[in-house]
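Trainee: here is my input, please return the structure:
(one chain, ligands or ions: 2)
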Amino acid sequence: MTWLMVAVVVVVAAAGLLRWRRPAWHWLTFGALVATVRVLVRYASVMEACGLTVPPSRWRLALARMTNRPAPESRPPRILRLRPTRTGLVLRLKLQPGQDAFDVAAATDRLRHSFGVYGVTSRELRSGVVEVRMTGYDVLQRVQMPATAETRPMRIPVALREDGAVHYRDYRAVPHGLTLGATESGKSVYQRNLVAGLAPHHVALVGIDCKQGVELFPLARRFSALADNPDTALDLLEALVGHMEDVYQLIRAEQRISVAVPDAEIAADIWDLREDLRPVPVVVLVDEVAELALFATKDEEKRRDRIITALVRLAQLGRAAGIYLEICGQRFGSELGKGITMLRAQLTGRTAHRVNDETSANMAFGDVSPDAVLAAIQIPTDTPGVAVTGDSTGGWARTRAPHITLREAVNICNKHADRTPDVPALAAFRPALAPLPKARVPLSKTAPATA
Ligand SMILES: Nc1ncnc2c1ncn2[C@@H]1O[C@H](COP(=O)(O)OP(=O)(O)OP(=O)(O)O)[C@@H](O)[C@H]1O
Ligand SMILES: [Mg+2]
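Mentor: Ligands and ions are numbered 1, 2, ... in the order given. As a prediction, this is how the structure comes out:
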């Protein structure tokens, strides 16, 4: 008996310790089972308490009356499937007549504490079928991407959503992206994740990092072209526009539309071309975009206008030529001058890290969703990397990218350095991999002159 008591105490203590220190392991060992049993046992009463039941239909009442049975109870949505996952439970419900997906969405907060889980979200799968995703713990606290996250060409698992699902950056579905956030909010780490995710793929990476290259130049071995100041950035962007025009010439030359060619085989973008002819897709990563749009002199103003024009052209025409933009900055609004809002309108994939004011959040989501604006402002300062991301359905979700250090990203880029393709139009901007220049030592740090 005492042994049994000791075993129970040890198991309970282990569960408590795991829950505190390693919530993910706790979920896999104890949490999933306990939560599944709890949901199944409490289901009917919780649904009733949350107002998600419908009264019995007339014919059931009539049948009960005819057979002299007690009146049937109200019925909750039918459970089609209950599936434990790595981070929570997924419940698929068939709604009763008269219910709609909005009823479930409105009750998610009540369901959350009634079932004793960390978070609940819902979405309609098809008419009358709703998926309720529950998370057992705060998955954004310590992000661990599932090893099984599916990677396809140009579709990179980049962050975890708060409902435990993987957030993908899919360049073919959403060609251009804008990432905003205050300083120290996690933009560069997000971009680093993207580079690390893209590194093993057949894709040319082009970087513009006007922070003197501190973020992207360490990853140079996997980059086909890099610029660390606005002058080089201008030449690089104009070369990219030239590359885009060449690709369009190639597509046109390959179209050869005749009566015999089936519709599906007419090439309209690089993905329709034969694999041996297809030019390599290019992802252009721009960090601290405001640096490209600021100017102090007349000459700098001319340079700025040419840079923004090139970016707008790439955003408007680049997709079919396989050129995708990934722009990061602290703010990206009309105060940066003409052309900026036009460029922003082309950047479909929006991500906002923590922002300090509503106007900055509006630059990402003002024209998409007012709720997302509010969510972006509410991100706390002590969780860098947490972001609000628009998804392909027009909705939004809170996400967080895994923390990848510069060292880890450098290692991944070096490992895949042999995959760096040569883009002839950008050859002049290929980073030289010579030893680093010696840093200039600030005067105050030099040895004092001896008298
Ligand atoms: N996803 C994350 N998980 C955990 N910590 C993170 C995450 N993203 C960023 N951080 C932390 O926040 C710090 C700042 O991140 P980062 O350099 O990406 O910010 P930033 O938005 O690019 O800032 P700046 O605008 O000054 O360049 C990082 O050094 C890192 O320690
Ligand atoms: Mg940064």
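Trainee: poorly predicted segments of the stretch 351-451 of the chain, please.
Mentor: 391-394, 434-451 (pLDDT under 70).
Trainee: can you give me the helices for the stretch 151-300 of the chain?
Mentor: Applying DSSP state H, counting those that start in this stretch to the stretch 151-300 of the chain gives helices spanning 187-198, 230-255, 290-293, 298-317.
Trainee: wait, a helix at Arg350?
Mentor: No: counting by DSSP: H, G, I helix; E, B strand; the rest coil, Arg350 is not found in a helix; it is strand.
Trainee: circling back to that earlier point, now mean pLDDT and distance to ligand 2 too, for the helices of the stretch 151-300 of the chain, in TSV please.
Mentor: Any C-beta I mention is one placed from the backbone N, CA and C, and that applies to glycine too. Converted to TSV, the helices of the stretch 151-300 of the chain look like this (pLDDT from 0 to 100; distance: least, C-beta to the ion, whole Å):
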stretch	mean pLDDT	distance to ligand 2
helix 187-198	94	3
helix 230-255	91	16
helix 290-293	90	11
helix 298-317	93	19
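Trainee: which of the ones you listed is buried the deepest?
Mentor: Burial of the helices of the stretch 151-300 of the chain is given as mean neighbour count (mean count of other C-beta atoms under 10 Å); helix 187-198 ranks first at a mean of 24.
Trainee: contacting residues around that helix?
Mentor: Helix 187-198 has contacts (C-beta atoms under 8 Å, 6 or more residues apart in numbering) with 151, 156-159, 169, 179-181, 205, 215-216, 219, 222, 283, 285, 287, 326, 328-330, 351, 353, 384-385, 387, 401-404, 406, 408-409, 412-413.
Trainee: quick one: closest of the helices of the stretch 151-300 of the chain to Thr135.
Mentor: If you check each of the helices of the stretch 151-300 of the chain against Thr135 by C-beta to C-beta, helix 187-198 wins as the nearest, at 21.1 Å.
Trainee: what is the burial count for Pro97?
Mentor: Residues near Pro97, counting by other C-beta atoms under 10 Å, number 8.
Trainee: correct me if wrong: it contacts Val54.
Mentor: Yes: shown here, Pro97 and Val54 form a contact pair, counting by C-beta atoms under 8 Å, at 6.9 Å.
Trainee: quick one: the residue nearest the centre of the chain from ligand 2, how far?
Mentor: Computing the C-alpha centroid of the chain and ranking residues by C-alpha atoms, centre = their mean puts His167 first, at 4.7 Å. Distance from His167 to ligand 2, counting by C-beta to the ion, to the nearest Å: 20 Å.
Trainee: show me the contacts for that residue.
Mentor: Residues near His167 by C-beta under 8 Å, 6+ apart: 157-161, 389, 391, 397, 399.
Trainee: now intersect the residues you listed with the strands, please.
Mentor: Using DSSP state E, the members of the contacts of His167 that fall in strands are 157-161, 389, 397, 399.
Trainee: which among the residues you listed gets closest to Arg81?
Mentor: Nearest to Arg81 among these, with distances taken as C-beta to C-beta, is Arg161, at 20.2 Å.
Trainee: what's opposite the nearest residue to that closest one once chain neighbours are set aside in the beta bridge?
Mentor: Spatial nearest neighbour of Arg161, chain neighbours left out: Ala397 (4.6 Å); criterion: C-beta to C-beta, 6 or more residues apart in numbering. Taking DSSP bridges as the rule, Ala397 bridges to Thr389.
Trainee: would you mind measuring from Gly207 to Thr420?
Mentor: Separation of Gly207 from Thr420 (C-beta to C-beta, to the nearest Å): 12 Å.
Trainee: which neighbours do these two have in common?
Mentor: With contacts taken as C-beta under 8 Å, 6+ apart, the residues that reach both Gly207 and Thr420 are Phe223.
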